[in-house]
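[1] below are the sequence and a predicted model for it; my questions follow.
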Amino acid sequence: MKVMPFHRQRPLVCAACLFAAGIWTGRQGFVPVWIFAAAFLLSALFAWAGRKRAFGMLSGVLSAAFFFGAVYISALDARPLPDEGTYTVTAYVSGNVEIREEDGFVHTFLRDARGVDENGNVVRLGKLYWVMTAEDEDLVLARHLEDGARVTFRGKVTRPLGRMNPYGYDFRAYLEQNGVRMRVSGMTDLMVTQDARLDYFGVMHRIRSWIGTRMDLTFGEGAAFPRALLLGDKDQLPDETRDMFADLGIAHVLTVSGLHVALLSSVVMALLRVLCLSPRERMALQSVLLLFYCALLEFSVPVVRASLLMVLSSYRIVVRRHGDTLTSLAFVFLLVLLCWPASLFSLSFQMTFGAVLGMVMLGPVFARWTEKWPRVLRALHPDVAASATLGVMLPLFNAYHRFSLIGLIVSPVAVLLTGILLPLLLAITVIGMVYLPLGQWLSGVLGIFARRVPELMEKLANLPYAAVNVPAVAWPLALAFIYMLFLCTPYTALDVRKRVLSGGAALLAALCVFVLTHTWDVCYIQLYQGQADCAVVMDRKETVVIDTGTNGGDLADLLLAKGRRADTVILTHLHSDHAGGVMELLESHVEIGRVLIPRLGEMQQIDEEGVEALALLREAGIPVIEVSAGDSLTLPGGRITFVWPTLPRGGQDPNYYCLCALMELEGVRFLLTGDLVGAMEGYIAQEADILKVAHHGSADSTGDAFLQAVRPDIALIPCAAGRYLPSEDTLARLESSGAHILRTDETGAVTITLRNGEYRVNTYLDQRKQHAAQ
């Protein structure tokens, strides 16, 4: 019997995949939108012309799906934005207000924002991300901010920064996934009205706040866990708990996801069956309850996806039709992307659909393999855990660069425990709303058991080799992996021999493409770190980090994505903007070989963050070595020679005695100056091709005499936009010297590739602009 091809059997699945591919392509900006629009119209005409022939019709529709996705996201991205500037903003607080007590940093979201500019014009700002630094009285006022409160203040509205470093965090994309395209900073003349207005958002805020308050009263100090499971509120959970669950590969347990919705929906349907309702009536009530739950959780994508699948499943029961699960998933996938196209780029979306896709396509395969296992083991549903793990493996690898080995065992147990705890927590919450004393007593009984769960997870997370670091998966290998997984599913008609040959050919082709496109050159990368400093040298298998910035998140992501350890970390001095990122490196499980600091570096006037960084390094057993002028570090392609400090004295400003070095790599000379002050720069002046400008371009550094001695071709300035550095005087001196100035606030990360005495400069933001222009 001739088997119909996959694309003929499930055209909606293919259309959904192509629509998503179109969204991804359109977001990259490789092609002007008018070309996509013209291609979409041609595809639609082709489908109409070939409507009487299955091949022509299907080809046209699938092509149109791809081009429509590209046009759709491009049109949304092209929507006009309000002008940047200072506005008097009136808006409503949306969601939780997070306050960092140690420095008064406050951030939250605002909705229905309107602004009045300096000319008196009223501008609709929509949803905003609000960030401010509050002090004294303002901090007291900020503590009274809550979801739904009306606020009026003066602030600066700007476009948020996107990704500035390779493999770095894309803050702009995160905000866009939350429906936000602008940010506002400041809180001048802040006025707060506590009463939430009675619109949809105000009503849902009051309901959510009331439920949260009742849960706090019912569960007491143990309310953080049930609030996370039922309301998606993880603010009360300690960071250690979240990190522990992430290391075990079960972070999804702490997030309201499809698993939670499926369990809650099953409980509701079981209760409705007791009432002897018809399937149609059960489906109607289920739909209403799920709609309310979606609204309560602000239509979170995982909740919407799972709710739609639950309703579709009930609908098939009502109409007594056995639908194709994969096609149903594709329908929900399309619907979610039509409503929230930017969610395609969120890890939550990718893991949500990846897990379900894995269970649908690979679940039957694992079920056959485990059908002869003992019943006790099968009760843990290892087939579900294994198939879901494979479905989310690529997104997890590329996001966290870490794979939990123990998670393969823990995940089924965690799902089972969640299945037990979730209905109990829901029941206790409802009882607490009706009769608080009984709810409190039941929560106390359950708490005896529930408290053991984090303790057990902590012990498992601390086991040796519980998790391992993994590099980012290159796109050719990712495509080959997906194709080979597809060959293992029941959805392909190839026999075993053809599957093996086809999978092997795909893997071989992917390896060839990877080898041909991968760069093995020696490079120096000056990362964007705002008004902080961080650079990475990659020389064959050797990696040297020169300062870690204030926040080492992007640095850690780069090293983990490249599959590298930090063989040597050079901290030029112990100010927080140079050494503060050490904490993130350790928390991200980046392996560090040794740390070099300036001689007497700990005896200078250093920050608390610097003291803490050294303490953490020593606690981790990492050697901390003092160096000074004359010491050197040998690399496969050259040498780093320290040229300062010579005879340091303790109790001074660390900038006077920071480490400075001459790096000779592949015949190219770099002069690395840290934050050295101008009074000392004459001691290190020597000719170099590339100068890392001292102290972010401050006015008292990089003098004319120094530049005449160095004569740099390239001047790198790590800095943030809108700050007092770099100084205009320093920029003028650099221009007069003939050096080509590269500022990280304008270029993003700067990558200098070195080979045989020559170098090539690539800037991260310019690369993205060139791709868009092409």
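    Sure, I can see it. None of the values given here were measured: they were computed from a predicted structure.

[2] what separation is there between the most centrally placed residue in the chain and A228?
    Among the residues of the chain, Y169 comes closest to the average C-alpha position under Cα atoms, centre = their mean, at 5.7 Å. As judged by Cβ to Cβ, to the nearest Å, Y169 and A228 stand 23 Å apart. In this view, the C-beta of every residue, glycine as well, is placed from N, C-alpha and C.

[3] am I right that the residue nearest to the centre of the chain is in contact with G553?
    Yes - with contact defined as Cβ atoms under 8 Å, Y169 counts as touching G553 (6.0 Å).

[4] so N551: helix, strand or coil?
    coil (DSSP: H, G, I helix; E, B strand; the rest coil).

[5] need the contact list for it.
    Residues near N551 by Cβ atoms under 8 Å, 6 or more residues apart in numbering: Q529, A532, G580, G581, E584.

[6] recalculate using a threshold of 7 Å.
    G580, G581, E584 (Cβ atoms under 7 Å, 6 or more residues apart in numbering).

[7] quick check, nearest of the residues you listed to T489?
    Sorting the contacts of N551 by how near they are to T489, with Cβ to Cβ, puts E584 at the top with 39.1 Å.

[8] what strands line up against the host helix or strand of V151, and which way round?
    Using DSSP states H and E, V151 sits in strand 150-158. Sheet pairing of strand 150-158 (DSSP bridges) gives strand 85-100 (antiparallel), strand 182-193 (antiparallel).

[9] could you list the low-confidence segments of the stretch 301-450 of the chain?
    When residues are selected by pLDDT under 70, those of the stretch 301-450 of the chain lie in 320-323, 380, 450.

[10] residues contacting the residue nearest to A15 when sequence neighbours are not counted?
    Nearest in space to A15, with sequence neighbours left out and distances taken as Cβ to Cβ, 6 or more residues apart in numbering, is A65 at 4.2 Å. By Cβ under 7 Å, 6+ apart, the residues touching A65 are A15, L18, F19, G22.

[11] and of the residues you listed, the nearest to L254?
    Of the contacts of A65, the one sitting nearest to L254 (Cβ to Cβ) turns out to be F19, at 30.9 Å.

[12] hmm, L338 and the closest one touching each other?
    No - with contact defined as Cβ atoms under 7 Å, F19 does not reach L338; the gap is 8.5 Å.

[13] anything in contact with each of those two?
    Taking Cβ under 7 Å, 6+ apart as the contact criterion, no residue touches both F19 and L338.

[14] what secondary structure does F19 sit in?
    helix.

[15] follow-up on the earlier one: save the contacts of A65 as CSV, and put in pLDDT, neighbour count and distance to A149 too.
    Shown next, in CSV, are those (pLDDT from 0 to 100; neighbours: other Cβ atoms under 10 Å; distance: Cβ to Cβ, whole Å):
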residue, pLDDT, neighbour count, distance to A149
A15, 90, 22, 44
L18, 92, 19, 44
F19, 93, 25, 39
G22, 92, 27, 40
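
[16] what is the nearest of these to A732?
    G22 (47.9 Å).

[17] grab the nearest non-local neighbour of that closest one.
    G69 is the one closest to G22 (Cβ to Cβ, 6+ apart), at 2.5 Å.

[18] ok, that neighbour - contacts?
    F19, A20, A21, G22, I23, G26 are the contacts of G69 under Cβ under 7 Å, 6+ apart.

[19] in which helix or strand does it reside?
    G69 is part of helix 54-77, with elements assigned from DSSP H and E.

[20] mind listing what's buried in that helix?
    Across helix 54-77, burial judged by 16 or more other Cβ atoms under 10 Å covers 57-74.

[21] between the contacts of G69, which sits nearest V123?
    G26 (27.5 Å).

[22] helix, strand, or coil at that closest one?
    With three-state DSSP as the basis, G26 sits in helix.

[23] that one: how many residues sit nearby?
    Neighbours of G26 under the rule other Cβ atoms under 10 Å: 25.

[24] surely it touches A37?
    No - look at G26 against A37 with Cβ under 7 Å: they stay out of range, at 10.6 Å.

[25] joint contacts of these two?
    Taking Cβ under 7 Å, 6+ apart as the criterion, G26 and A37 both touch V71.

[26] what is the nearest of the contacts of G69 to T489?
    Nearest to T489 among those is A20, at 18.9 Å by Cβ to Cβ.

[27] the closest one and L344 touch, don't they?
    Yes - counting by Cβ under 7 Å, A20 sits close enough to L344 to count as a contact (5.8 Å).

[28] overlap of the contact sets of those two?
    Common neighbours of A20 and L344 (Cβ under 7 Å, 6+ apart) are L337.

[29] skipping its backbone neighbours, what lies nearest D235 in space?
    N96 (5.4 Å).

[30] any idea how many residues pack against the one you found?
    When counting by other Cβ under 10 Å, one arrives at 17 neighbours for N96.

[31] if I look at S313, how far off is S266?
    With distances taken as Cβ to Cβ, S313 is found 11 Å from S266.

[32] my guess is E584 meets G552, correct?
    Yes - with contact defined as Cβ under 7 Å, E584 and G552 form a contacting pair (3.4 Å).

[33] if you count what's nearby, which of the two comes out ahead?
    Counted by other Cβ under 10 Å, E584 and G552 do not tie: G552 has more neighbours, with 29 against 19.

[34] now that one, nearest residue through space, not along the chain?
    Per Cβ to Cβ, 6+ apart, closest to G552 is G581, 2.6 Å.

[35] in terms of contact, does that neighbour touch G549 like I think?
    Yes - between G581 and G549 there is a contact under Cβ under 7 Å: 4.5 Å.

[36] these two: who's more crowded?
    G581 (30 against 27).

[37] how about low-confidence regions in the stretch 151-300 of the chain?
    Across the stretch 151-300 of the chain, the ranges flagged by pLDDT under 70 are 194-202, 247, 249, 252, 258-259.

[38] can we see that at 90?
    Within the stretch 151-300 of the chain, the stretches with pLDDT under 90 are 151, 153, 160-163, 169-181, 185-300.

[39] now do the helices in it.
    Assigned by DSSP state H, counting those that start in this stretch, the helices in the stretch 151-300 of the chain fall at 171-177, 200-219, 224-231, 239-247, 258-274, 279-296.

[40] okay, buried residues for the longest one please.
    The neighbour-count criterion (16+ other Cβ under 10 Å) identifies F201, G202, M204, H205, R208, I211, G212, R214, M215, D216, T218, F219 as the buried residues of helix 200-219.

[41] name the helix or strand for the closest residue to G439 other than its chain neighbours, please.
    Nearest residue to G439 in three dimensions, chain neighbours excluded: G432, at 2.7 Å (Cβ to Cβ, 6+ apart). For G432, the host element (DSSP H and E) is helix 407-434.

[42] who are the neighbours of that helix, in terms of helices and strands?
    Judged by 3 or more Cβ pairs under 7 Å, 6 or more residues apart in numbering; DSSP states H and E, the packing partners of helix 407-434 are helix 200-219, helix 224-231, helix 258-274, helix 382-400, helix 436-450.
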